[in-house]
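Chemist: for reference, the sequence and a predicted model appear below.
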Amino acid sequence: MYMIIIGGGGVGTELARSFSEKDFDVVIIEKNPEQARRLSRMFDVMVIEENGAAAQALERAGVKTADMVIAVTETDEINIIACMVAKRYGVPVTVARVRSAEYAFDSAVLTREQLGIDLMISPERSAAYEISRMLHFPEACEVEYFSKGRVMMLSLIAGPETDIVRKPFHRLNLPPGCIIVGVNEGRGKFIIPGGADTIKPGSRIYLLGQSRVLKDISRLLLHERTLIDRVTILGGGKIGFELARLLEESRSPFQVTLIERDGARCELISRDLSQTLILQGDATDLDLFRQEEMERTDAVVAVSGDDRTNIIAGVLAKQAGIKKIICEVADPQLAPVYSALDLDSIINPRLITASQILRFTRREDLVSLSILNDERAEVLELALPDSAAVAQKKVAEAGFPRGMLIGAIIRRQEVIIPRGQTRLLPGDHLIIFTLPEISSQLERYFASRESRFNSNRSRK
């Protein structure tokens, strides 16, 4: 596929990395000279130093033959105009990153289709939705749903008191309907386990299976259940505001407090939040965490927009003994810092946005795709075409490389945890856990014959 990325910030960089790993042809349009040079050093792709909304820049990038144009600059208007122009050139799929609520929803004046945008993404709204799910399932560090909620993936920290540490996988006594698909042992070591592998204390494990089973798995593994009633949001920016709004609309009766440093912003968001207590304050103020109101909170969500502020707030919340702490992280280089400080629940809007966009690169069979917060693996749901190479084969006969695992099969509403003798049938929805360096091989096994032919022809 031939992709044009407009905007070389965090999302654009992540997309360029993912597309390069999948051997796509990529061109990046980035106006900032320093950022353009950095991208040229990072990736073996063409980088054009121009305004991505300009027709001249798009023509230089080869827009007339592009399969997809993705506009992810920091400016909504540039992203929208770039997609409008790209559609005029006949680009099949356009994606725009849009932050402002004024553009995020179809209006009576111009619909998304009239703007020439196939997929409109709001990173902040997506991040708020992810955090909301984590608050509903507080024992987990990450939560993802597949197949309309029938299948769940979650990550947990394997503490020394759990029943699964130091045992080979073939001896684990997990409930029927779930499987451990990945283990992050830290220090850059991530494995998709085999029967002889063991789980070390402190490792982050990734479980996949039937949602009704995994909803009780934390109680079985951790021997406890965390209940969240009071939530404190640190930061009243777009993510904090969207999260408070979601929690107000939730069926669960959360008691929400939002703390924002800027007085004008407090006044602005208070007009749209009727059930949230809004306070003006500093998220890194130690006295704030000594107040009685903070001591009684069950969860702290640090989404100030500044990674260092979020780190400090997370550490203070941990020292205060707060049950659940969720921190926004924008800079992926700081992710190990969160881990070293034992702040396990992090949210990365850049990765969420990239996941949503990557799903559109294979629209005919890819249903959903998620990138783990530590960027060590991808999880995707796809429908198996009739002419796929593995259709009608047993799992043991498919010849999957190590680093690729089918965690679940959805067949006629039934969730199946596959074994070696399980046969893969056309129309099955497969939940696949794969390492990034292996993901480029997915097409060989799961794509239709026509898709494989077109892909090979485009690379020539």
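Modeler: Structure received.
Chemist: right, and the helix or strand after whichever strand or helix holds Met294?
Modeler: Following DSSP states H and E, the helix or strand that holds Met294 is helix 292-295. Downstream of helix 292-295, the next assigned helix or strand under DSSP H and E is strand 299-302.
Chemist: which elements pack onto that following strand?
Modeler: Helices and strands touching strand 299-302, by 3 or more CB pairs under 8 Å, 6 or more residues apart in numbering; DSSP states H and E, are helix 123-136, strand 230-234, helix 307-319, strand 324-328. Using the backbone N, CA and C atoms, a C-beta is placed for each residue, glycine as well.
Chemist: measure how far it is from the centre of its chain, please.
Modeler: Relative to the chain's own centre, strand 299-302 is displaced by 19 Å; criterion: CA atoms, centre = their mean, to the nearest Å.
Chemist: so which residues make contact with it?
Modeler: 131, 135, 138, 228, 230-235, 240, 243, 283, 309-310, 313-314, 317, 322-328 (CB atoms under 8 Å, 6 or more residues apart in numbering).
Chemist: who's in contact with stretch 71-86?
Modeler: Under CB under 8 Å, 6+ apart, the answer for stretch 71-86 is 4-7, 9, 11-12, 15, 31, 51-53, 55, 58, 63, 66, 69, 94-100, 103, 115-117, 353, 357.
Chemist: list the buried residues in it.
Modeler: By neighbour count on 16 or more other CB atoms under 10 Å, the buried set for stretch 71-86 is 71-73, 75-76, 78-86.
Chemist: show me those that map onto strands.
Modeler: With DSSP state E as the criterion, strands contain Ala71 from among the buried residues of stretch 71-86.
Chemist: just put the buried residues of stretch 71-86 in CSV and tack on distance to Gly177.
Modeler: Output for those, formatted as CSV (distance: CB to CB, whole Å):
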residue, distance to Gly177
Ala71, 42
Val72, 38
Thr73, 44
Thr75, 47
Asp76, 43
Ile78, 47
Asn79, 42
Ile80, 44
Ile81, 49
Ala82, 45
Cys83, 42
Met84, 47
Val85, 49
Ala86, 45
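Chemist: what's the closest of the buried residues of stretch 71-86 to Leu382?
Modeler: Val72 (24.0 Å; CB to CB).
Chemist: what's the PyMOL line that selects buried ones from the contacts of stretch 71-86?
Modeler: Buried residues within these, by 16+ other CB under 10 Å, are selected in PyMOL with:
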select buried, resi 4+5+6+7+9+11+12+15+31+51+52+53+58+63+66+69+94+95+96+97+98+99+103+115+116+117+353+357
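Chemist: can you pull the buried residues of stretch 409-424?
Modeler: 409-410, 415, 417-418, 422, 424.
Chemist: my guess is Val47 meets Gly8, correct?
Modeler: Yes: taking contacts as CB atoms under 8 Å, Val47 lies within contact range of Gly8: 7.3 Å.
Chemist: shared neighbours of the two, which are they?
Modeler: 28, 30, 36, 39.
Chemist: so of those, which two are at opposite extremes in space?
Modeler: Maximum distance among the shared contacts of Val47 and Gly8 (CB to CB): 7.8 Å, for Ile28 and Ala36.
Chemist: what about those two, which has more around it?
Modeler: Neighbour count, other CB atoms under 10 Å: between Ile28 and Ala36, Ile28 has more, with 29 against 17.
Chemist: any idea how far Ser368 is from the closest residue in space to Pro385 that isn't next to it in sequence?
Modeler: Nearest non-adjacent residue to Pro385, counting by CB to CB, 6 or more residues apart in numbering: Ser448, 3.8 Å away. The gap separating Ser448 from Ser368 is 18 Å, by CB to CB, to the nearest Å.
Chemist: next: Glu437.
Modeler: 21 Å.
Chemist: higher neighbour count, these two?
Modeler: It is Ser368, of Glu437 and Ser368, that has more neighbours when counted by other CB under 10 Å, with 19 against 10.
Chemist: right, and that one touches Glu381 too?
Modeler: Yes: counting by CB under 8 Å, Glu381 is a contact partner of Ser368 at 4.7 Å.
Chemist: shared neighbours, those two?
Modeler: Phe146.
Chemist: can you tell me which residue is spatially central in this protein?
Modeler: With distances taken as CA atoms, centre = their mean, the residue of the chain nearest its centroid is Ile352 (3.3 Å).
Chemist: so which bits of the helix or strand harbouring it are buried?
Modeler: Element membership of Ile352, judged by DSSP H and E, is helix 349-358. By neighbour count with 16+ other CB under 10 Å, helix 349-358 contains the buried residues 349-358.
Chemist: pLDDT score assigned to Glu293?
Modeler: pLDDT for Glu293: 65.
Chemist: same question for Ile217.
Modeler: 71.
Chemist: quick one: contacts for it?
Modeler: Counted by CB under 8 Å, 6+ apart, Ile217 has contacts 154, 156, 175, 178, 207, 209.
Chemist: buried subset of those?
Modeler: By 16+ other CB under 10 Å, those give 154, 156, 178, 207, 209 as buried.
Chemist: now for the residues you listed: which two are most distant?
Modeler: Within these, Leu156 and Gly209 form the most distant pair, 12.8 Å apart (CB to CB).
Chemist: picking up where we left off before, mean neighbour count added to the helices and strands packed on strand 299-302, as JSON lines?
Modeler: As requested, the helices and strands packed on strand 299-302 are exported to JSON lines (neighbours: other CB atoms under 10 Å):
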{"stretch": "helix 123-136", "mean neighbour count": "21"}
{"stretch": "strand 230-234", "mean neighbour count": "25"}
{"stretch": "helix 307-319", "mean neighbour count": "20"}
{"stretch": "strand 324-328", "mean neighbour count": "25"}
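Chemist: would you format those as a markdown table with distance to Leu273 included?
Modeler: Putting the helices and strands packed on strand 299-302 into a markdown table (distance: least, CB to CB, whole Å) gives the following:
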| stretch | distance to Leu273 |
| --- | --- |
| helix 123-136 | 13 |
| strand 230-234 | 10 |
| helix 307-319 | 20 |
| strand 324-328 | 19 |
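Chemist: noted, bye for now.
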